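In: here are the coordinates; sequence isn't available:
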């Protein structure tokens, strides 16, 4: 095998490995209060259009509620401070007695503005969750009405996910294959040189 081909294969395997191993940052959420515990995970950062009429973003997660997994949890997270609330979660009415809970409390995200590719909306908002523990007041919302339940204290803890990325198998196999090919090329070159000198 020619030397340049071995070099190219080795370089390709080195470049493929970090690309395959990269993972987006994830935050874990633990919400307790009102006699319930909700846990779920979301991407640490969300980007959305900077529209003055929209100061929040939506995120959906698979949640565990009171140690029962498999619930779909739809949330509205405020990126710009408002008097309405900092977070609204749609919850199972059969468990909570309401179809949603509106939480008031401190801001849960930091905000940065970046250029957008949309000519009608020149900036995008990049909202990043702030890890920490937050005291919130949550009130249940009834569907189709402004009626709310009593405000109850909740605690929300946001922590970065600490799981280490495992090297993906395709990249490991590519690296192993290029090593074997390189070794085979080395042996072939030595054999050719030995036959020329004798």
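Out: Received the coordinates, thanks. Since the structure is predicted, the reported quantities are computational estimates derived from the model, not experimental observations.

In: which parts of the chain are helices?
Out: Taking DSSP state H, the helices of the chain run over residues 3-21, 93-96, 169-197.

In: show me the contact partners of the shortest one.
Out: The contact list for helix 93-96, computed with C-beta atoms under 8 Å, 6 or more residues apart in numbering, reads 34, 36, 65, 66, 99, 140, 143. Yep, even glycine has a C-beta here, placed from its N, CA and C like the rest.

In: residues of it that come out buried?
Out: Within helix 93-96, the residues scored as buried using 16 or more other C-beta atoms under 10 Å are residue 96.

In: which of the contacts of helix 93-96 are buried, as a PyMOL select command?
Out: Paste this into PyMOL to select the buried members of the contacts of helix 93-96, with burial taken from 16+ other C-beta under 10 Å:
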select buried, resi 34+36+65+140
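
In: number of nearby residues for residue 60?
Out: 12 (other C-beta atoms under 10 Å).

In: ignore what I typed, I meant residue 97.
Out: Neighbour number of residue 97 under other C-beta under 10 Å is 12.

In: what about the chain, any weak spots by pLDDT?
Out: Residues of the chain that meet the criterion pLDDT under 70 lie in 1-24, 52-53, 144-147, 163-179, 181-188, 190, 192-198.

In: the same query, at a cut-off of 90, please.
Out: 1-24, 48-56, 79-86, 97, 113, 116-123, 141-150, 161-198 (pLDDT under 90).
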